[in-house]
Structures are given as structure tokens and as C-alpha cells.
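*Asks:* Everything below, folded, please.
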Amino acid sequence: MNTILLQPTDVLFFRDGRPMSGSLAGHGAAWPLPHVINAAFHAALHRAFHDQPDLGASHAPAGRDENGQRIYAPKGERDRRFVDVWSLGPFPVNAEGRWFFPRPADAQEAGTVAVTLQPARGHGANGAWSGSSLPPPLRYAVANTRPPEKEAGGEPWLSEHAFAAYLGQKDITTEKPDLHFLKDDAIFDREQTVGIAIDPATQTTGQGDAAGKIYSAHYLRLREGFRLGTAAGDGRNGEACLFDHLFEADQRIVVGGQQRVCTVESRRSEKLPLPIGATSFTKHAASGKCLVKWVVLTPAIWPEMLAERGGKPVRDRDDRPILAHHGGWLPNWIDLQGKVRLKAVEQRRPPRMHRKEWRDALQRNPGIQASLVAAIVPKPIPVTGWALNLQAGADNPGAKSTHLAVPAGAVYYFEVDSPEDAARLAAALNWHGNDSNPTTIKNRRSTLLGEKGYGLGVCGTWSFFPEAAHSAR
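*Replies:* Alright, predicted model coming up:
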């Protein structure tokens, strides 16, 4: 695994797919999403190793044999390369090497990591809020423990030290809060420019579809001393990582739209620069349950799952029926009644075990007895892209489908039957599993784009809204 710091040489452009014409600026100054950085790494690998076609190549499935096992095409008949490349981030990194992470949605007070939002019991059965507008399967509303203020919300970025204090339910005291709590404008600025549209057929202005068209665009400029912090690897067990040699000849990379260039500082690392979540829990005295929360570090995408299409049942790759699920804010691994559908995983997949065999083995593992009871999910982030028809037979070139991702900082609250199940749930949700000294990413809980850095999260514990304050209100 390599830790990679990207320093822009100019402004950067990260458009999110919304219209960019006339007065619409296209939202190009947003903080880059994980798949943008992953695509930049893939493009750099293709350029650097273009004369080594066998390097990083995947062997496309050519069908299944009589036992249902996949048959892989021989070398030379593959259609993809570097499919095992994974990445995470980017996160802001300052000149001192301090990493910053999105603020959790339940800690919304400036200059502190104290939890300000907590699930509150209702007066219905099992503490549920009867007659409320909570979407199923949520049981508890989340209430603010602070009095109303005109200026709500804290700084959107926490240092790694501050985030660790948040997970440990501790506060930090410092005479220099800007070391641990940063606003967006302390990290980057937004610049607006006006440009002239280019006709894609002739690559000129003022002709064809571009005649008389101008546009306005927002660009992102990092403040002095800040860089984009990422990490990447290629999944090659026992072999030298491709990223060890990627930037030896040229320490530059093209990132985002309009071919913007960043210089690269890459170093081999055995420790991922991410917060470490809790792995053990005790029962809450009043409820008799273990209270586990999952905080999303990177956006996650959970698509709608259809049980039928064209009047016929839909089945997965292992020929099992698909269960209908609306996706969106609700993870696909939680059913519509709130029950967690994840299995307890005690070990990693053996290196040479077939994926189907491993998935069948997982299905025989015991389930985790846990239920989702509350959630804080901020506004979704649109995720889209563009597929290029670079080779004959490429599928669906053009604009990709737009997904709405749950943003980083979202918090999901679970009630778990026992400390053993709570530990299993944390091992399934923490990006590092139950390893307290992790050297690799074990869990990506986004249904889509997990290998591109989506769906990383950490676990902590939570408490109910104070009963006395609840009764007073």
C-alpha cells in the first residue's frame, strides 16, 4: 500500500454532472469524490505501463463449466486491466502531515467533538415514536441536546486526533482550535470564470452546436500547504505493488476535468491514515442492548434492488433470488424491517478459494442479531460520469447513470442483542474489521464503487437522549 499526496499546480475542476450552461456553473469546485481519484490512478497506470499489456490484466470470464464454476479466458483475450487497483480518499492533508476527515453528523458544535444529537425514545411500544413521519424501519427520532441557535453546525473537517477523541467519547482542549477544526475556506477556495463553448466535432469555438454559447464554471484552488491525501494499492499478494514504480519516471498525474495536473509525493506505508473504530461493547443498562453506531467516512451508494423485471424474478450471480429494496439512504445490507443481513466473518477468504465457494461458505455463517433504530443522513451527493468508447464492443459509451450517494458524516444507530453480536457487527462495518493495528482495508460497505473508496466507515457507541431533558420538553 502506498500513501500518495497530490499537490495541484493550478486550480482543479470536479464537475458533478449537474448542468453547466448560461448562469449554471456546474458545481465544479466541490471536494473531489473517491471515484475521480481512482480514475486518475487508472489512467496513470495505463500511460505508465502501456508497453506491458500483460501487467495488471484481468482474465474475462468465458462462461461456466458443468459444475457452475467460472471458466476464464486465456491470456491475450482479456478486455480489462488494473481491475484490482483500489484507492481511498482524498482527504485534506496540511503542511505538517495532519489528515482531516468529515465531521460526523451527530457532533454539530463548533470547536468541539462533543455529541450534540442523540436518539430519543418515544412513548410507543419499545420506545418507538408512534404516529411520527419517521421512514420505516427507524424507531427513534434524533433530538438536539443543545438549545436552538441561529448559527448551527460545526466546522466540517476534524483532524485525526479530534476524530479519535470523538470515537472515544472524549473532548479535546487546545489553545489553537484551527489545528483540529477547519472550515472549507481554510482548506480551499472557489474561483469562478467564464469560458466559450467548444464544438466537439470541429474543436473550435463559434461554430456548430457551440455557436454563440458561453459558460460559467467554478474551480477549486487548494490553500497554500494543503494537499489531497490518498492511499492506493493493487491487490497483488506477495508481489511488488505497481504504485512503487508508477511515479518513478514522472511525478505528475492528471486529476479531474480539463486535464488539470498535480505533482505527486508517494511513499510505501504499512499503516493506513484512517481513524480506528471501536471493536468491543457492553450492554446499555436501561435497554439491555448494546448500542453501536456506524459513522460513514466516505460516501456510499445503495441502489434500488428490483425483485422482478419484465414479470420475471431477478436472480443474483449465484442464482439466488433478489430481495426488493428501495436503497437510497438505507443500506442494502439492512432489510426493510431494519434487520441487519450481514453474516459474521471470522476469517478472510483464502487466496486460492473461488469467490462463489467463499460466498456459499459465508451464507452458512451465523447472522448478526442487530437492528437499525435511528439514522442521521444529510443531503445526498450526485455521482455520475462518462464512459468512453475506447475499444470495439465497449458497452454503453456516453453518460453514466446518476446515483445519489449518502455523504460522508452520516450516522447509523443499531441496537444489538449481545456483546458478541456487537463485536461481530463492528467487525463487519469497520473498514479495518476487528483489527486494532490494520494494514489493509477489510470492509467497504457501499454496494457500488467500493473498490474506488466508497463505503468506508468506523464504529462507536451511542447513548439515548437524556430522559430528564426529554420529559421537560
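*Asks:* Would you state the strands of the stretch 201-350 of the chain in chain order?
*Replies:* 204-205, 214-222, 227-233, 252-255, 260-268, 290-296, 308-309, 312-313 (DSSP state E, counting those that start in this stretch).
*Asks:* Mind listing what's buried along the third one?
*Replies:* By neighbour count, with 16 or more other Cβ atoms under 10 Å as the criterion, the buried positions of strand 227-233 are R227, L228, G229, T230, A231, A232, G233. C-beta: built from backbone N, CA, C; applies to glycine.
*Asks:* ditto for the fifth one
*Replies:* Counting neighbours by 16+ other Cβ under 10 Å, one finds that the buried residues in strand 260-268 are R260, C262, V264, S266.
*Asks:* Also the second one?
*Replies:* When neighbours are counted by 16+ other Cβ under 10 Å, the buried residues of strand 214-222 are found to be Y215, S216, A217, H218, Y219, L220, L222.
*Asks:* Make JSON lines out of the residues you listed and add pLDDT and distance to K183.
*Replies:* Shown next, in JSON lines, are the buried residues of strand 214-222 (pLDDT from 0 to 100; distance: Cβ to Cβ, whole Å):
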{"residue": "Y215", "pLDDT": "77", "distance to K183": "28"}
{"residue": "S216", "pLDDT": "78", "distance to K183": "24"}
{"residue": "A217", "pLDDT": "81", "distance to K183": "23"}
{"residue": "H218", "pLDDT": "84", "distance to K183": "18"}
{"residue": "Y219", "pLDDT": "86", "distance to K183": "19"}
{"residue": "L220", "pLDDT": "89", "distance to K183": "15"}
{"residue": "L222", "pLDDT": "92", "distance to K183": "14"}
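*Asks:* right, and out of the residues you listed, which lies closest to L12?
*Replies:* L220 (4.7 Å; Cβ to Cβ).
*Asks:* Now do the residue lying closest to that closest one once chain neighbours are set aside against D178, distance only.
*Replies:* Closest residue to L220 apart from its sequence neighbours, by Cβ to Cβ, 6 or more residues apart in numbering: A29 at 4.3 Å. Distance from A29 to D178, counting by Cβ to Cβ, to the nearest Å: 22 Å.
*Asks:* Compare the two and say which one has the larger neighbour count.
*Replies:* Set A29 next to D178 and count neighbours by other Cβ atoms under 10 Å: A29 wins out with 22 against 12.
*Asks:* so what's that one up against?
*Replies:* With contact set as Cβ atoms under 8 Å, 6 or more residues apart in numbering, A29 has these partners: F13, F14, F188, R190, E191, H218, Y219, L220.
*Asks:* what separates it from R15, distance-wise?
*Replies:* Taking Cβ to Cβ, one finds A29 at 9 Å from R15.
*Asks:* Kindly report the same for A44.
*Replies:* 20 Å.
*Asks:* Compare neighbour counts for those two and give me the winner.
*Replies:* More neighbours surround A44 than the other of A44 and R15, with 22 against 19 (other Cβ under 10 Å).
*Asks:* Pretty sure that one sits in a helix.
*Replies:* Yes. Under DSSP: H, G, I helix; E, B strand; the rest coil, A44 falls within a helix.
*Asks:* That one and H245 touch, don't they?
*Replies:* No. Between A44 and H245 there is no contact, the gap being 11.5 Å when judged by Cβ atoms under 8 Å.
*Asks:* The stretch 151-300 of the chain: helices as residue ranges?
*Replies:* Assigned by DSSP state H, counting those that start in this stretch, the stretch 151-300 of the chain shows helices spanning 160-167, 184-187, 243-246.
*Asks:* same question for the second one, mean pLDDT?
*Replies:* Averaged across helix 184-187, pLDDT comes to 92.
*Asks:* cool, the last one as well?
*Replies:* Taken as a whole, helix 243-246 has a mean pLDDT of 82.
*Asks:* residue boundaries of the helices in the stretch 301-450 of the chain?
*Replies:* 355-363, 419-429.
*Asks:* Relative to W99, which of the ones you listed is closest?
*Replies:* The nearest among these, by Cβ to Cβ, is helix 419-429 at 20.9 Å.
*Asks:* Give me the packing partners of that closest one, helices and strands only.
*Replies:* Contacts defined by 3 or more Cβ pairs under 8 Å, 6 or more residues apart in numbering; DSSP states H and E place helix 419-429 against strand 290-296, strand 370-376, strand 411-416, strand 457-461.
*Asks:* can you list the ones you listed in a markdown table and add mean neighbour count?
*Replies:* Below are these laid out as a markdown table (neighbours: other Cβ atoms under 10 Å):
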| stretch | mean neighbour count |
| --- | --- |
| strand 290-296 | 25 |
| strand 370-376 | 22 |
| strand 411-416 | 25 |
| strand 457-461 | 23 |
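*Asks:* Could you work out the end-to-end span of stretch 277-289 for me?
*Replies:* One end of stretch 277-289 to the other measures 19 Å (Cα to Cα, to the nearest Å).
*Asks:* returning to what we had before: can you tell me which of the buried residues of strand 260-268 is nearest G460?
*Replies:* S266 (31.7 Å).
*Asks:* What sits closest to that closest one if chain neighbours are left out?
*Replies:* Take S266 and drop its neighbours on the chain: the residue closest to it by Cβ to Cβ, 6+ apart is I4, 4.7 Å away.
*Asks:* who does the helix or strand encompassing that neighbour pair up with?
*Replies:* Counting by DSSP states H and E, the element that carries I4 is strand 2-8. Applying DSSP bridges, strand 2-8 is found paired with strand 227-233 (antiparallel), strand 260-268 (antiparallel).
*Asks:* circling back to that earlier point, would you turn the helices of the stretch 301-450 of the chain into a markdown table with distance to A143 and mean pLDDT?
*Replies:* Below are these laid out as a markdown table (distance: least, Cβ to Cβ, whole Å; pLDDT from 0 to 100):
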| stretch | distance to A143 | mean pLDDT |
| --- | --- | --- |
| helix 355-363 | 38 | 72 |
| helix 419-429 | 24 | 93 |
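*Asks:* As JSON lines, those with distance to P8 would be great.
*Replies:* Below are the helices of the stretch 301-450 of the chain laid out as JSON lines (distance: least, Cβ to Cβ, whole Å):
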{"stretch": "helix 355-363", "distance to P8": "39"}
{"stretch": "helix 419-429", "distance to P8": "33"}
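*Asks:* most tightly surrounded among these?
*Replies:* helix 419-429 (a mean of 23; mean count of other Cβ atoms under 10 Å).
*Asks:* and the angle for it with strand 457-461?
*Replies:* Here helix 419-429 runs at an angle of 160 degrees relative to strand 457-461 (axes from the mean of the first three to the mean of the last three Cα atoms, to 10 degrees).
*Asks:* Using CSV, list the CA coordinates for helix 419-429.
*Replies:* Extracted in CSV, the C-alpha atoms of helix 419-429 (Å, rounded to 0.1, in the frame of the first residue of the first chain):
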residue,chain,number,x,y,z
PRO,A,419,-21.8,-8.0,23.2
GLU,A,420,-20.7,-10.9,21.0
ASP,A,421,-23.0,-9.8,18.2
ALA,A,422,-22.0,-6.2,18.7
ALA,A,423,-18.3,-7.2,18.2
ARG,A,424,-19.3,-9.1,15.0
LEU,A,425,-21.3,-6.1,13.7
ALA,A,426,-18.3,-3.8,14.3
ALA,A,427,-16.0,-6.4,12.6
ALA,A,428,-18.3,-6.3,9.6
LEU,A,429,-18.7,-2.5,9.5
